[in-house]
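Colleague: Coordinates for the following, if possible.
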Amino acid sequence: MGAEEFSALRHPGYEWVDPRVKLPLSRFSKSATLVDFRKKYDILADTVDDRVISVERARSGDSVCHDREGHSHDFFYMYSTLVSDLHVRLPFDDFTMGVLRVLNVAPTQLHPNSWASLQAFRLVCRVFHLSPSPQVFLQYYCTRPGDLVSWLSLVGQSHQCLLASYTQSFKRFKTGFFKVVIRSAGAGYFYFENGEPKFPFYWTKHPTPYRVWPRASLTQEDLYVLSYLDQLPTKLSSKKIIGVFSSSRPRDDLFGMYVRLTPHRDASGMFGLTLISFFVDIMATAGPSGKEVFLELRRKKLEEEKRKGGESASRVPVETPSQKGDMMPPAAAKKKSKRRDCAARPSTPRSSSPKKSRGTSSVDGAADALSAMFDAQLKINQGIEVSLSSEEAEIVSAMRPETVLYALNEFHARAMVMGRHLNTVLSQLPETSKLAAEIESLQRDLAESNSRRQEVSLQLRSVKNERSQLLAERNILKARCRDFEKKNEDFQAALERLEEELAAEKRDNAEKAGRIYQLEGYVMSQHVEGFHKALCQAAHYFNFDAGDGRFNIDEDVYQGSVMAVEDIPVAGQQKPTPED
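Modeller: Residues are numbered from 1 along each chain as shown. The predicted structure follows:
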């Protein structure tokens, strides 16, 4: 264990954290490593400005569980594997932040496997046009936090497991964390209006424990979404779903996954009616592309089942209550006599023995009778015809006769109820003329709305074009700013060099000035000493008093008179007069 790891392990104030969390240090402690990572992967969503956050390296000795600790801005740690492997982008959407808030965990406190389940759930809801909520997502999981806080894992419920785990063991993620610093421009993405964060930024001591999320807390919309999700095949791999993020046709790929999984839910290898209804609704919103891939995959699956041979078509498989689900007839219907039951099913031929009525001949007869109902053209009565495409006819005709009869019985009962309800509603409506006027008014409003929508679309297209131009100009200005910054750095470096040279010259001049001053003093002392020597020698040779005050070193003889040295003009120069 290195000194930094030991320091992180012994960091005070985090005794409540598991040592396995505190020990790993970030491999993004150097800026160059983080820059290389950002060149390879997009951390921000495409529609978000890069000024909302700042991605920074983790300091040496920091652990992923450390809080703000004197940092000037709020931040949170994030694992690089969420970006590179799980396609997580910033800022988080409301659903993701809601899950973190409900579980009371920071982004790095939730295990990457659980992040994978969250991402897969988001994509499934997006493709199927459902609104995800934390309460619906947590219906399929439970949490079991320990005494020492570690990474929180979402454990799938045994009775309803919508998604399979991303991997059995998520490796090499613990050292790949970096800082996401929240700038003032991005406060709206991460804070409520009252200033509270939308999810915990730092590790918490008490993650939310629960065994079963109460359904009483679900709204009507949540219950609607949950009822649709419960009809999907279970245990689809989160890893395969997340792989759809990089697909050009995510809806079609996800439909294909569920189509291939459907036979595992039905012993007959066919769609259950509830799931057919579900996919029909989805295809209606998905458009022709989704419908085509659905039918194509279903056709291939049927051909594959025929090639395998399977069980004989004349054998009717035993259907358990779990396979029939809500389409099972009520228990009271079993008390009817065999004669009434046979009369209610005219398409099933009678036989001489009860065993034969439930055997091969009855099933074949029912299949032959039903096959005619799903031709491309079906004539019900004089003047009433139904046209089906070959693909639609193939989907329904592939089902077993018993399932079709149960469905017809259910749809007939529902049609009767809806008819009576419609009759009641129509009887309470006002006159037809008023309805026609209201319809015309609504049609005019619809036309105006369509016109406004087109205008708004044109304006939106114009705004998008302007935005693209502004972004291009911004990039150009950024490039120019970078050039100016580089030139400024070069100028600063040149100025620093000139200042250093000037300082060196000043030091050299100061030294020379001091030397000159010393030499001047020495020359003056020699001059004075020479004057006195000459005076003494003259006094000795010419016998006069050398101490006579008339002798002055600061005076000299000029043109026959004694004058001060400074008053004697220099050769070639004329002494200025007071008039000048």
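
Colleague: Return the distance of Asp74 relative to Arg126.
Modeller: For Asp74, the distance to Arg126 (C-beta to C-beta, to the nearest Å) stands at 29 Å. (Each C-beta comes from the backbone N, C-alpha and C, glycine too.)

Colleague: Show me what the helix or strand containing Asp508 is packed against.
Modeller: Using DSSP states H and E, Asp508 falls within helix 432-542. Using 3 or more C-beta pairs under 8 Å, 6 or more residues apart in numbering; DSSP states H and E as the contact test, no helix or strand touches helix 432-542.

Colleague: State the next helix or strand along the chain beyond it.
Modeller: The helix or strand immediately downstream of helix 432-542 is strand 555-558, counting by DSSP H and E.

Colleague: Check which helices and strands the helix or strand following that next one is in contact with.
Modeller: Remark: after strand 555-558, the chain's next helix or strand is strand 561-564, criterion DSSP H and E. Contact analysis of strand 561-564 by 3+ C-beta pairs under 8 Å, 6+ apart lists strand 555-558 as its packing neighbours.

Colleague: Export the strand it packs on to CSV, keeping only CA atoms.
Modeller: The C-alpha coordinates for strand 555-558 follow below in CSV (Å, rounded to 0.1, in the frame of the first residue of the first chain):
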residue,chain,number,x,y,z
GLU,A,555,42.2,78.4,-9.2
ASP,A,556,44.4,78.8,-12.3
VAL,A,557,46.2,81.5,-14.3
TYR,A,558,44.3,82.5,-17.5
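
Colleague: spatially speaking, which residue is in the middle of the chain?
Modeller: Closest residue to the average C-alpha location of the chain: Arg89 at 2.0 Å, with C-alpha atoms, centre = their mean.

Colleague: who's in contact with that one?
Modeller: Contacts here follow C-beta atoms under 8 Å, 6 or more residues apart in numbering; on that basis Arg89 touches 42-45, 83.

Colleague: So which of the residues you listed belong to helices?
Modeller: Using DSSP state H, the subset of the contacts of Arg89 located in helices is Val83.

Colleague: In the contacts of Arg89, find the pair that's most separated.
Modeller: Greatest spacing in the contacts of Arg89, by C-beta to C-beta: Ala45 and Val83 (11.4 Å).

Colleague: Which one's more surrounded, the two?
Modeller: Neighbours per residue (other C-beta atoms under 10 Å) separate Ala45 from Val83, with Val83 holding more: 21 against 12.

Colleague: and the more buried one, how far is that from Thr108?
Modeller: Look at Val83 and Thr108: by C-beta to C-beta, they are 13 Å apart.

Colleague: what do you get for Ala564?
Modeller: Distance of Ala564 to Thr108, computed by C-beta to C-beta: 92 Å.

Colleague: Of these two, which one has the most company?
Modeller: For the pair Ala564 and Thr108, the greater number of neighbours falls to Thr108 (22 against 11), based on other C-beta under 10 Å.

Colleague: dump the residue contacts of the more buried one.
Modeller: By C-beta under 8 Å, 6+ apart, the contact set of Thr108 is 64-65, 76-79, 177, 203.

Colleague: For the closest residue in space to Asp42 that isn't next to it in sequence, give me the pLDDT.
Modeller: Leaving aside its sequence neighbours, Asp42 sits nearest to Arg89 (C-beta to C-beta, 6 or more residues apart in numbering; 6.8 Å). Note for Arg89: predicted pLDDT of 93.

Colleague: And Leu442, by the same measure?
Modeller: 91.

Colleague: go on, Gln573?
Modeller: On pLDDT, Gln573 comes in at 59.

Colleague: Also Tyr558?
Modeller: With respect to pLDDT, Tyr558 has a value of 83.

Colleague: Start at 265, not 1
Modeller: With 265 as the first residue, the last one maps to Tyr822.

Colleague: where do the helices sit along the stretch 365-514 of the chain?
Modeller: Counting by DSSP state H, counting those that start in this stretch, the stretch 365-514 of the chain has these helices, from start to end: 376-391, 398-401, 451-454, 484-493, 502-507, 514-525.

Colleague: for these, which one sits closest to Met680?
Modeller: Closest approach to Met680 among these (C-beta to C-beta): helix 484-493, 23.7 Å.

Colleague: Remind me which helix or strand Arg302 belongs to.
Modeller: Assigned by DSSP H and E, Arg302 belongs to helix 295-304.

Colleague: Quick check: what element follows that helix along the chain?
Modeller: With elements assigned by DSSP H and E, the helix or strand that comes after helix 295-304 is strand 317-320.

Colleague: so where's this protein uncertain?
Modeller: Where the chain drops to pLDDT under 70, the residues are 265-275, 523-650, 652, 654-666, 692-697, 835-844.

Colleague: Could you report the separation of Glu753 from Ser295?
Modeller: Taking C-beta to C-beta, one finds Glu753 at 18 Å from Ser295.

Colleague: Provide the backbone phi and psi angles at the residue nearest to Asp494 when sequence neighbours are not counted.
Modeller: With C-beta to C-beta, 6+ apart as the criterion, Asp494 has its nearest non-adjacent residue at 7.1 Å, and that residue is Gln424. Phi and psi for Gln424, reported as degrees, to the nearest 10, are phi -150, psi 100.

Colleague: just checking, Gln424 touches Cys406?
Modeller: No. Between Gln424 and Cys406 there is no contact under C-beta atoms under 8 Å: 11.2 Å.

Colleague: Neighbour count: those two, which is higher?
Modeller: It is Cys406, of Gln424 and Cys406, that has more neighbours when counted by other C-beta under 10 Å, with 17 against 13.

Colleague: quick one, what contacts the more buried one?
Modeller: By C-beta under 8 Å, 6+ apart, the neighbours of Cys406 are 418-419, 421, 474-477.

Colleague: Of those, which is the most crowded?
Modeller: Of all the contacts of Cys406, Leu418 has the most neighbours under the rule other C-beta under 10 Å, reaching 24 neighbours.

Colleague: what's the distance between that residue and Val668?
Modeller: 40 Å.

Colleague: Please point out which parts of stretch 495-508 sit buried.
Modeller: For stretch 495-508, burial by neighbour count (16 or more other C-beta atoms under 10 Å) applies to 496-498, 500-503, 505-508.

Colleague: Span of that stretch from start to end?
Modeller: Here the two ends of stretch 495-508 are set 21 Å apart, with distance taken as C-alpha to C-alpha, to the nearest Å.

Colleague: From the chain's centroid, how far away is that stretch?
Modeller: 19 Å (C-alpha atoms, centre = their mean, to the nearest Å).

Colleague: can you check stretch 698-713 too?
Modeller: Distance, stretch centre to chain centre, for stretch 698-713: 43 Å (C-alpha atoms, centre = their mean).

Colleague: Check which residues of that stretch are buried.
Modeller: Counting neighbours by 16+ other C-beta under 10 Å, one finds that stretch 698-713 has no buried residues.

Colleague: which of the buried residues of stretch 495-508 lies closest to Asp809?
Modeller: Closest to Asp809 out of these is Ile506 (118.9 Å), distances taken as C-beta to C-beta.

Colleague: The closest one and Arg386 touch, don't they?
Modeller: No. Counting by C-beta under 8 Å, Arg386 is not a contact partner of Ile506; they are 9.8 Å apart.

Colleague: returning to that earlier point: got the contacts of Cys406 as CSV, with distance to Ala449 columns?
Modeller: As requested, the contacts of Cys406 are arranged in CSV below (distance: C-beta to C-beta, whole Å):
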residue, distance to Ala449
Leu418, 33
Val419, 39
Gln421, 41
Tyr474, 36
Arg475, 42
Val476, 41
Trp477, 36
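
Colleague: who are the neighbours in contact with Arg386?
Modeller: Listed by C-beta under 8 Å, 6+ apart, the contact set of Arg386 reads 357, 359-360, 396.
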